[in-house]
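Chemist: Predicted model and sequence below, questions to follow.
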Amino acid sequence: MMHTITNKLANKLWLVRHAQPLIEKGICYGQLDVAVDIKANFDAARDLAIELNKGEERALLVYFSGLQRTEQFVNALQAHVPNLQCAIDGRLKEMDFGHWEGQAWSDIPKDEIDRWTRDFGEYRFGGVESCNEVLQRVAAAYQDCLRMLQSSTSLQQLEQVQQPTDIVWITHAGVIRALTYYLQHRKCEIEQAAQWPLEAPDFGAWICLDLPLN
């Protein structure tokens with residue numbers, strides 16, 4: 001699993017990738033709704049629960065994409081961390097690969113891949129969604145989290161209550177890469193495939209980021 005050094009008092013964002021899906025390697029799947037390996041899912045949720053339960057008491061808000069591989073993770077996590085506040089946010093879904101969903105990457109025509117590479121940000125690979133559209137929805141979800149935390153902080157100040165809040169996204173590699181790009185560049189447009197972050201957590205792993213208060 002991947003970890004980021006954080007300030008213990010800061011609000012945090014946990015970017016958690018779902019567990020190993022039950023699908024053959026080499027298959028194109030984005031919003032294809034596949035299940036996960038039960039044991040891998042249980043182990044990943046248990047390991048995350050251990051991390052979430054460490055340290056001082058914190059409020060926990062969990063958002064997941066709604067695809068069953070993230071819902072299964074949430075269900076397993078609730079067995080270890082009861083009373084979680086959970087909600088679906090469809091903006092956390094993986095990129096929609098349209099008519100290429102469920103096809104072997106090796107069967108997708110090379111000229112289709114080349115067209116995507118030449119216009120990486122705007123080309124709707126599979127006919128449904130572009131990388132820039134993914135960036136826009138992921139950035140909007142992130143900004144909504146910041147606004148929610150700012151409102152919560154203001155309320156806590158009025159009530160003289162101080163409790164850090166952790167937001168947990170149970171999501172997908174593409175979403176994590178999209179947010180990584182957005183935080184690095186502060187824009188929702190990408191021009192070249194080479195700019196797209198390659199690093200992402202393994203299945204069932206996560207990274208943890210400090211969230212700004214303002």
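Modeler: The structure has been received and is ready for your questions.
Chemist: What is the helix-or-strand element of the chain with minimal mean pLDDT packed up against?
Modeler: Lowest by mean pLDDT, DSSP states H and E among the helices and strands of the chain is helix 131-159, with a mean of 84. For helix 131-159, the packing partners by 3 or more Cβ pairs under 8 Å, 6 or more residues apart in numbering; DSSP states H and E come out as strand 59-64, strand 165-171, helix 173-185. (Each C-beta comes from the backbone N, C-alpha and C, glycine too.)
Chemist: Let me see the contact set for the most centrally placed residue in the chain.
Modeler: Against the mean C-alpha coordinate of the chain, by Cα atoms, centre = their mean, the closest residue is Thr171 at 3.4 Å. By Cβ atoms under 8 Å, 6 or more residues apart in numbering, the contact set of Thr171 is Leu15, Val16, Arg17, His18, Phe64, Ser65, Thr70, Leu92, Lys93, Glu94.
Chemist: okay, the helices and strands packed on helix 131-159, which one's buried deepest?
Modeler: Ranked by mean neighbour count, the helices and strands packed on helix 131-159 are led by strand 165-171 with a mean of 24 (mean count of other Cβ atoms under 10 Å).
Chemist: Let's test this: mean pLDDT of it, rounded?
Modeler: The average pLDDT for strand 165-171 rounds to 96.
Chemist: got the angle for that strand vs helix 131-159?
Modeler: 160 degrees (axes from the mean of the first three to the mean of the last three Cα atoms, to 10 degrees).
Chemist: now the least confident helix or strand of the chain and helix 173-185, what's the angle there?
Modeler: Put simply, helix 131-159 runs at 70 degrees to helix 173-185, going by the same axes, to 10 degrees.
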